[in-house]
Each structure stands twice: as C-alpha cells, then as structure tokens.
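Student: predicted model and sequence follow; I will ask about them next.
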Amino acid sequence: MSLEGMGKKVSRRMTQMKANGKRGSTRQRALRFFRPAGDADGRRKVNRQRPEGGGKGPRFRYAWTCPWTKEEDALLGKCDDRELVEKLNRTAITIKARRHQLGIPALNGKPQPLKLDVEILLATKSDREIRALLGWSGRKIEQRRRTLVRRQEAKGRPWSIEEDRLLGTKPDRALAKMLGRRVAAVKRRRQLKRVSIIRQKWTVEDEKRLGTRPDAEIAVLLGRKTWQVTWRRRLRGIPNYYVVRPWAKHELALIGLKPDEEVARLTGHTLGAVVRKRHILGKPKPDRVKYDWTAEEDKLLGTMPDKEVAKRVERSVRAVLKRRRRLGIGNHFPQRRRWTAEQEALLGTMTDKSLAERLGFPKSAVVYRRMSLKIPSTRPCKSWTPSEIRLLGTMPDEELARRLNISVSRVRKARYRSPSRK
C-alpha cells in the first residue's frame, strides 16, 4: 500500500471512530488501527502464559478465589519465590505473604527469629546486645518490652470474680493502686465488662457541712477531692470559710509605725491583711515615697551628677532624671563623654590601649570610635615565618600563642588560612 492510500485509510478510520463516539488519544487510536496481526482483540501481548485450561479467567490464582492447599504450603521455603510463581501460578507478593504468615524463611534469606526467641532475648539480654543481634532500634526494643510486660501481666494474673465486682465502685486510679494493676488495665477491663463508674452522690448531710470548715478539711472528712468540694459549694452558692486571726492590741500599735512588710513578718498576718487593716484605721504609710519637690531640692538639679542628687534627696536616680528633664535643666555631668576634635585627631597615632589610658576612655570605646571613622590601626601585623607556620597544628593554639607572644585568635586564623589545611 502506498503512503497516499495509507493516509486515506487512517483518515477514514478516525472519521468512523468520531461518528461512533469513541474517545481516546491519537496514540491510542493509532494503536487500535495498527495492531499487529494475530492480536484480534487489540490487547498488548504478555510473555506470561494463561492458566491451564485457557478461558477468560484471571491471570493468577489469588487466595480469595483459590485457597492454599497443603501441597502448595509444603513447597514454600524449598524453592525460590520466582520458581513458585510459575509453578503455582500465583503472584510473588501472595507467595511472600503466605511464607511470612506461616513463619517460613526464604530459600536464600536469613532465618526469621521466632517470637519465643525474641521474648527470651528481651528477658535475658540488654538493649545493646539485642540491637547487635536483631538490628532493632532502641525505641522498638522499648515498645516490645512494654508489650511483653502487658502480656505477662494478662497471662500471669487473671481477673478474679472479686476483682470484677470491684470495677466501677471506685475510680480507676484508686482501684488500680488497690489491686496492684495498671490504670490502663483496670480501665480496659471495666470497658470490656461494660461497667460504668458509680459516682458518689451528694447527700443532705454532706451539703450541710459545706462552708462550716475549709474545703480541704471537708474533703478529708467526706473522702473527696478538694476541687470537688469547692465546685459543689460554689454550685450551691455557699460562701467560703475563711480562718481569720484576730488582731491583738500590741499588733495594732505597730500599724503605721513600721513598714507593712515588717508588720506582716512580726505579727504573722499576710501583707494584704496588714494593708487592709491600715486603711480601715486610716493611718498613713510610714515609708511612703516622696512626691512633692521642694525649692531646695530643685536647686540641686544640674549642679552635680544625678546619682549624687538622688542620694541627697533620698529619691531614685530615675525620679531625679525625670524631674531635671521636666524643668529643662541640662545634664552637665554626662556619664558618656563626647569626643572632641583634638581627641579624634589622636586616633591611629598610637595603639588603642595606650590612647585609652591617656584619654581615660575604655579600650572598647576607642576601638569603636576608630573603626566608625575608618581609621586604620597602628598595630603592626605579624608576618609569619616558615618555621612558625610549620608549628601550626602541632600543639594547642593557647600554647603556641603563649610561645609567640600573640593572641589565640591570631593563631587560630593563621591555622585556618594555612596551605596545609587547604
């Protein structure tokens, strides 16, 4: 067939498919049209053979349609899984899952440890030995140990009839402590038996006790939690019972004469109780802070540093600073000294340490000012000799710095930049 005839045939075929409503990409249409001879249904040929007997049944035999027989189970582990795929006409995943289910190791694989061996190892070996033998992580070993303990508890201590009768009569935590079991085990057993917790009901006699004593004491008398007593008292609108200590005459005499903190420490009352009692008696606070500035105090502002003014007027430095700024008085004794033109001219003419001692500045202030003005340092850079470079890395940096009389940071930088490191 010529190319022109083939093109007409393809266009005619695509027109028929469009008229019939068939969908598909251009590649699928081409595959449908140019399917090889002998493949009448248009499907891609597979090298795997159909099961014996032919037909349109499934390609492989699955467990839900073809259960495993004893003869098939006997072949597991004796032949390679790939050979069994062809012999049994089952998938490799199905064969592997069946082997794991029966605990049969592969033909050329490592034998799988039995559950009994794992339990013995967990009971006799340490975590490090188990990690070396089985290759497990520490978290997995801990989880298996907890699972083993739970199983041993369940197997070793069966629930008796008396223990089942106690379920729900007390909270799970109290019952677990009473029976010597875990709280989760008690809760699981109670849910399995469909037993709900029997909550202790409030009687009329119990509610009459609310508010007559502190909640903690009533909770001990009734065998309940303190928060339960408090919740019930608030629900009924009963006021709380406060233990109020009466004030003695000698204690009342101290109020207003000494600070509230000292009165609370001497009398044993709380600080809040002392403050409330002083307000009731109408006495002023003895150690109150001054608020009004006198004319003599205002005259001291600006004549000396704020710290000295604060000592003289018995106020805080912050209060002195705020008062001076409010009156518009400048600070003639600043803590931070300003740089003059003559001082800045000296930067770079000598070492920073010498200039700091001469001007009375900290060394860090001199370095910061010199670097901000972009003035280079006069300290000569050390030139490393070949013999000194060979010493880098042969001894600790501190010892080499001590031997060469330089800083440790310069030794470390030189070691990082040395050619041997690269």
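Tutor: That came through fine. Every value quoted in this text rests on a predicted model; they were computed, and no experiment measured them.
Student: ok, now which ones touch the nearest residue to Ala63 once chain neighbours are set aside?
Tutor: Leaving aside its sequence neighbours, Ala63 sits nearest to Thr94 (CB to CB, 6 or more residues apart in numbering; 6.3 Å). Using the backbone N, CA and C atoms, a C-beta is placed for each residue, glycine as well. Thr94 sits next to 60, 62-63 when contact means CB atoms under 8 Å, 6 or more residues apart in numbering.
Student: do you know how far Thr94 is from Lys307?
Tutor: 89 Å (CB to CB, to the nearest Å).
Student: any buried residues in stretch 247-260, and which?
Tutor: Going by neighbour count (16 or more other CB atoms under 10 Å), the buried part of stretch 247-260 is 251, 255-256, 258, 260.
Student: all strands of this protein, in order?
Tutor: Counting by DSSP state E, the chain has no strands to list.
Student: outline the domain layout of it.
Tutor: 3-33, 57-112, 157-192, 204-235, 249-281, 295-326, 386-416 (automatic domain parsing).
Student: now those in JSON lines, with distance to Leu148?
Tutor: Output for the domains of the chain, formatted as JSON lines (distance: least, CB to CB, whole Å):
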{"stretch": "domain 3-33", "distance to Leu148": "57"}
{"stretch": "domain 57-112", "distance to Leu148": "18"}
{"stretch": "domain 157-192", "distance to Leu148": "14"}
{"stretch": "domain 204-235", "distance to Leu148": "35"}
{"stretch": "domain 249-281", "distance to Leu148": "55"}
{"stretch": "domain 295-326", "distance to Leu148": "66"}
{"stretch": "domain 386-416", "distance to Leu148": "51"}
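Student: out of the ones you listed, which gets nearest to Ser372?
Tutor: When the domains of the chain are compared by CB to CB, domain 386-416 sits nearest Ser372, at 21.6 Å.
Student: re earlier: in CSV: the buried residues of stretch 247-260, plus distance to Ser377 and pLDDT.
Tutor: Conversion of those to CSV gives the following (distance: CB to CB, whole Å; pLDDT from 0 to 100):
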residue, distance to Ser377, pLDDT
Glu251, 70, 90
Ile255, 66, 91
Gly256, 65, 88
Lys258, 61, 88
Asp260, 59, 89
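Student: for these, which one is nearest Leu281?
Tutor: Ile255 (6.2 Å).
Student: dump the residue contacts of the spatially closest residue to the closest one that is not a sequence neighbour.
Tutor: Nearest residue to Ile255, sequence neighbours excluded (CB to CB, 6+ apart): Arg278, at 5.0 Å. The contact partners of Arg278, taken as CB under 8 Å, 6+ apart, are 255-256, 260, 285.
Student: ditto for Met350
Tutor: 358, 378.
Student: relative to Ser383, how far out is it?
Tutor: Taking CB to CB as the measure, Met350 falls 21 Å from Ser383.
Student: please enumerate the helices of the stretch 51-200 of the chain.
Tutor: 70-75, 81-88, 92-102, 115-124, 127-134, 138-156, 161-166, 172-179, 183-192 (DSSP state H, counting those that start in this stretch).
Student: so for the third one, mean pLDDT?
Tutor: It refers to helix 92-102. Averaging pLDDT along helix 92-102 gives 83.
Student: ditto for stretch 385-404
Tutor: On average, stretch 385-404 scores 86.
Student: what sits against the residue nearest to the spatial centre of the chain?
Tutor: Centre of the chain computed as the mean C-alpha position; nearest residue by CA atoms, centre = their mean is Arg139, 17.3 Å away. For Arg139, no contacting residues are found, by CB under 8 Å, 6+ apart.
Student: could you tell me the per-residue confidence at it?
Tutor: With respect to pLDDT, Arg139 has a value of 84.
Student: that one and Ala184, how far apart?
Tutor: Counting by CB to CB - Arg139 and Ala184 are separated by 20 Å.
Student: cool, and Leu355?
Tutor: On the measure of CB to CB, Leu355 and Ala184 end up 74 Å apart.
Student: so these two - more neighbours on which side?
Tutor: A direct count of neighbours by other CB atoms under 10 Å for Leu355 and Ala184 places Leu355 higher, at 21 against 11.
Student: that one against Ala345, yeah?
Tutor: No - with contact defined as CB atoms under 8 Å, Leu355 does not count as touching Ala345 (11.0 Å).
Student: show the buried residues in the contacts of Thr94.
Tutor: By neighbour count, with 16+ other CB under 10 Å, the contacts of Thr94 hold Phe60 as buried.
Student: please consider this matter closed, and thank you.
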